[in-house]
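S.K.: Quick one: sequence and predicted model below, then my questions.
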Amino acid sequence: MTTFPRLEPLGFDPTIPNKARIYDYFVGGKDNFAADREAARRALEIAPELPMMCREARRFLGRVVRYLAAQGVRQYIDIGCGLPTQGNVHEIAQAAAPGSRVVYVDNDPVVVAHARALLDDGEHTAVIEADMRTPDQILGHPRLRDLIDLDQPVAVLLLFTLVFIPEDELASRIVARFRDAIAPGGYVAIGDSVSDPRPKATAELADVYQSSGAVSGHAHRHQLRTKADIERLFGGMPLVAPGVTYISQWRPDAGQHILDPRAVWSVGGIARKEA
């Protein structure tokens, strides 16, 4: 049986930067604190394109969910959902297929409090506080079991979250545990920023996030994963065409401008679980 690390509850400390609140700052939100803004400003000095990357990540999320809905998926588990914003998973999924069910997961109590107030309707959406480092806690959570039938196809979304798991072996085990838990016909989606196009800048950003405390864990990573590393996280699952690509190149909408990877250095893809 796969074992995962035991974790203490994250707790709330506004003096320590938080990845969800930094993202909120990048997209013009107000749910952030001075420590988050300072870390964000340091990051922007290195990579001023970060707000654009956040917007492109939301567009990628929309295309992913619309694709999954078109394949008949009606159940979603959004791991590391972050603070609510426009175009949340259930809004996209339910616009395509009314009645779709979504469970949002985050380990930040502030994120969870906001998400429960805005997203949890008790019937088609739920929000649970749990850490992706303990997938069994997520999969066995009563609220998830209330909404999600793991014997039917489920899409597990790990979008721009595994970047905060520095340990490659642990990241692979997390993906594998969710893959093993879902029924054939389900999907795993992964998206993350990568170092290939801008290794110097991404190494500097990794140091900013780790030195500020925005990344927790026992391991330290001084460079983002590469595109090839993200492909390996799928563990050999068959990838939906076009495979793992830079996100603006993944099934772009008609008329969509394809951005240079040096401007949006994030990749993503979807894999389907076969019988």
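M.R.: Looks like it arrived, so ask away.
S.K.: Report the residue spans of the chain with pLDDT below the cut-off.
M.R.: Residues of the chain that meet the criterion pLDDT under 70 lie in 1-11, 212-220.
S.K.: Could you pull out the strands in it for me?
M.R.: Across the chain, reading from the start of the chain, the strands by DSSP state E fall at 75-79, 101-106, 125-129, 155-159, 187-193, 245-246, 266-272.
S.K.: And the contacts of the last one?
M.R.: By CB atoms under 8 Å, 6 or more residues apart in numbering, the surrounding residues in contact with strand 266-272 are 53, 56-57, 60, 64, 67-68, 159-160, 185-194, 227, 230-231, 234, 237-240, 243-247, 250. Yep, even glycine has a C-beta here, placed from its N, CA and C like the rest.
S.K.: Please pick the buried ones from these.
M.R.: Neighbour-count burial (16 or more other CB atoms under 10 Å) applied to these gives 53, 56-57, 60, 64, 67-68, 159-160, 186-194, 227, 230-231, 234, 237, 240, 244-247, 250.
S.K.: Phe12: which of the strands of the chain is closest?
M.R.: For the strands of the chain, proximity to Phe12 was assessed by CB to CB; strand 125-129 is nearest, at 11.4 Å.
S.K.: Can you tell me the strand partners of that closest one and which way each runs?
M.R.: When pairs are called by DSSP bridges, strand 125-129 turns out to pair with strand 101-106 (parallel).
S.K.: quick one, the partner strand and strand 155-159 angle?
M.R.: Here strand 101-106 runs at an angle of 30 degrees relative to strand 155-159 (axes from the mean of the first three to the mean of the last three CA atoms, to 10 degrees).
S.K.: what separates strand 101-106 from the chain centre, distance-wise?
M.R.: On the basis of CA atoms, centre = their mean, to the nearest Å, strand 101-106 is displaced by 12 Å from the centre of the chain it belongs to.
S.K.: And for stretch 165-179?
M.R.: Centroid displacement of stretch 165-179 relative to its chain, using CA atoms, centre = their mean, is 13 Å.
S.K.: Measure how buried Ala47 is and give me the count.
M.R.: Ala47 is flanked by 19 other residues according to other CB atoms under 10 Å.
S.K.: do Gly87 as well
M.R.: By other CB under 10 Å, the residues close to Gly87 number 12.
S.K.: Identify the residues contacting it.
M.R.: The neighbourhood of Gly87, defined by CB under 8 Å, 6+ apart, consists of 58, 61-62.
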